[in-house]
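Novice: Here's my sequence, what's the structure:
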Amino acid sequence: MSALAVLLPLAAEDAATEGKKVITAMLIVGLIFVGVIALGETTHWLRARRKARRRPMY
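Specialist: Got it, this is the predicted structure:
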């Protein structure tokens, strides 16, 4: 029982703080998704540009 009494104040947060943490986590995950998409599109664009500049092989 004493271990529960020690951990209870750590787990008890008000709804506003918990909601703020959830929103912050969702924004971070969204930024990671956007970053991965931007990196993929940039590499695709660079590869296509590089391929277009190459001398054609006959």
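Novice: Any idea how far the longest helix along the chain is from the middle of the chain?
Specialist: Looking across the chain with DSSP state H, the single longest helix is helix 15-53. The chain centre lies 6 Å from the centre of helix 15-53; the measure is Cα atoms, centre = their mean, to the nearest Å.
Novice: I'd like the average pLDDT over it.
Specialist: Averaged across helix 15-53, pLDDT comes to 95.
Novice: Now Arg55: phi and psi?
Specialist: As for Arg55, its main-chain torsions (degrees, to the nearest 10) stand at phi -70, psi 130.
Novice: er, Pro56 I mean
Specialist: phi -60, psi 140.
Novice: Could I get the contacting residues of it?
Specialist: Neighbour list for Pro56: empty [criterion: Cβ atoms under 8 Å, 6 or more residues apart in numbering]. Where you see a C-beta, it was placed from the backbone N, CA and C, and this is true even at glycine.
Novice: Just the pLDDT for it.
Specialist: For Pro56, the model assigns a pLDDT of 75.
Novice: How much space separates it from Arg47?
Specialist: To Arg47, Pro56 is 16 Å away according to Cβ to Cβ, to the nearest Å.
Novice: same thing with Thr17?
Specialist: Distance of Thr17 to Arg47, given as Cβ to Cβ: 45 Å.
Novice: again, but for Ile28
Specialist: Ile28 is 29 Å from Arg47, where distance means Cβ to Cβ.
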